[in-house]
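Participant: here's a sequence, model it:
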Amino acid sequence: MTEDYIVRATAADSQIRAFAITSRALVEEARRRHNTSPVVTAALGRLLSGGVMMGIMMKGEEDLLTIQIKGRGPLKGMTVTADSRGNVKGYPEVPDVILPANEKGKLDVAGAVGPGILNVIKDMGLKEPYVGQTVLQTSEIAEDLTYYFAASEQVPSAVGLGVLMEKDNTVKQAGGFIIQLMPFTEERVIARLEEKVAQVQSVTDLLEQGNTPEQLLEQLLGEFGVEVSERIPVRFSCNCSKERVTKAIISIGVTDIQEMIDEAKPVELHCHFCNTSYTFTPEELKEIIK
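Facilitator: Numbers count the residues shown, from 1 in each chain. You can find the predicted model right below:
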């Protein structure tokens, strides 16, 4: 399996900055961990791919980005968290949504998500995290992130995201791009770029044709002179551990822990993000109380 990575690039003498990703392995990992249906895999895969690219945009080593989608569709919502080093994790509220294909014969991500809101929370070590909220525009994820950048960050952007499934419901392709205009971009560059982006029918088609992230950007920005500055490996990665879960148990207080011990049964806690379960025996809980 080819490893997932993001490329960071500039074009048109730094008037344009761009990111592109291939994310098949990390989306497949999310599918496997959460046992998601195809339409949920597509929705979560798009959000993971977009989220990890947005994470890479942050400057600080410890910066964290969280994207929450809350929708009125059967999927209810999704949460994705990414850092600035290429680690991303995420989960769907309802993993097993099954819907008929949309009128284009594609997985109906918009139908699964439904109308709703998008929250972007950036924790950059300041007293208060930055929170941006926008209304979902199409609930197809890419257009919603495009709108978020324009409305909340005032950065004109083009976002393309795609997930393609195999017949056995594993992930065949996943990836995407984010292209952003700097404030000093010339009008002619903007007009030409809009034409180029409008020509992109499907990100997954480009990936299926064997295009790498570098080649995706070459197709979109080639005429502006693309300069790739960095190639960053990305992965689905959760930082949960028995130790961290133990800390969470400590935080609920002695009385509640004692109640768990009195029931004399092992307690199982699981991490939303990666679906790992941690079991604590009554003996271990007694140790925690000490």
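
Participant: tell me which stretches of the stretch 151-290 of the chain form strands.
Facilitator: 157-165, 171-181, 227-233, 235-236, 267-270, 277-280 (DSSP state E, counting those that start in this stretch).

Participant: list the helices and strands the host helix or strand of residue 148 packs on?
Facilitator: Using DSSP states H and E, residue 148 maps to helix 142-152. Other elements packing on helix 142-152 under the criterion 3 or more CB pairs under 8 Å, 6 or more residues apart in numbering; DSSP states H and E are helix 38-56, strand 116-123, strand 130-135, strand 157-165, strand 171-181. Heads up, the C-betas are built off the backbone N, CA and C, glycines and all.

Participant: what angle separates the first one from strand 227-233?
Facilitator: Spelled out, that is helix 38-56. If you take axes from the mean of the first three to the mean of the last three CA atoms, to 10 degrees, helix 38-56 sits at 120 degrees to strand 227-233.

Participant: how far does the helix holding residue 148 sit from its chain's centre?
Facilitator: 14 Å (CA atoms, centre = their mean, to the nearest Å).

Participant: got it, and stretch 179-193?
Facilitator: In terms of CA atoms, centre = their mean, the centre of stretch 179-193 is found 26 Å from the chain centre.

Participant: equivalent analysis for stretch 249-268, please.
Facilitator: Per CA atoms, centre = their mean, the centroid offset for stretch 249-268 relative to its chain is 34 Å.

Participant: pick out the residue closest to the middle of the protein.
Facilitator: Taking CA atoms, centre = their mean as the criterion, residue 48 is the residue nearest the geometric centre of the chain, at 1.9 Å.

Participant: ok, and what's touching the helix holding residue 148?
Facilitator: 46, 50, 54, 69, 118, 120, 132-134, 136-138, 155-161, 176, 178, 180 (CB atoms under 8 Å, 6 or more residues apart in numbering).

Participant: these, buried ones only, as a ChimeraX selection?
Facilitator: ChimeraX command restricting the contacts of helix 142-152 to the buried ones, with burial defined by 16 or more other CB atoms under 10 Å:
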select :46,50,54,69,118,120,134,136,137,155,156,157,158,159,160,161,176,178,180
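
Participant: if we go by neighbour counts, what in stretch 99-115 is buried?
Facilitator: 99, 106-114.

Participant: wait, which of the residues you listed is closest to residue 227?
Facilitator: Nearest to residue 227 out of these is residue 109 (CB to CB; 33.1 Å).

Participant: show me the contacts for the residue nearest to the closest one when sequence neighbours are not counted.
Facilitator: Counting by CB to CB, 6 or more residues apart in numbering, residue 109 lies nearest to residue 43, which is 4.6 Å off, once chain neighbours are set aside. The contact partners of residue 43, by CB under 8 Å, 6+ apart, come to 75, 78, 92, 109, 112-113, 141.

Participant: farthest pair within those?
Facilitator: Spatial extent of those (CB to CB) is set by the pair 92 and 141 at 12.4 Å.

Participant: what about these two, which has more around it?
Facilitator: residue 141 (31 against 26; other CB atoms under 10 Å).

Participant: surely that one touches residue 46?
Facilitator: Yes - counting by CB atoms under 8 Å, residue 46 is a contact partner of residue 141 at 4.0 Å.

Participant: which residues are in contact with both of those two?
Facilitator: 109, 161.

Participant: show me where pLDDT drops low in the stretch 51-200 of the chain?
Facilitator: The stretch 51-200 of the chain contains no residues with pLDDT under 70.

Participant: ok, now with 90
Facilitator: 60-61, 101, 103-105, 124-129, 184, 196-200 (pLDDT under 90).

Participant: mind checking pLDDT for residue 288?
Facilitator: pLDDT for residue 288: 86.

Participant: distance of the residue nearest to it when sequence neighbours are not counted relative to residue 238?
Facilitator: Spatial nearest neighbour of residue 288, excluding adjacent residues (CB to CB, 6+ apart): residue 249 at 5.8 Å. As judged by CB to CB, to the nearest Å, residue 249 and residue 238 stand 18 Å apart.

Participant: next: residue 201.
Facilitator: Taking CB to CB as the measure, residue 201 falls 34 Å from residue 238.

Participant: what about those two, which has more around it?
Facilitator: Between residue 201 and residue 238, counted using other CB under 10 Å, the more crowded position is residue 238 (18 against 9).

Participant: can you read off the pLDDT for the more buried one?
Facilitator: Predicted confidence (pLDDT) for residue 238: 92.

Participant: residue contacts, it?
Facilitator: Taking CB under 8 Å, 6+ apart, one finds 89, 271, 273-274, 276 in contact with residue 238.

Participant: which phi and psi does it have?
Facilitator: Dihedral angles of residue 238 (phi, psi; degrees, to the nearest 10) stand at phi -110, psi 140.

Participant: nothing else from me, thank you.
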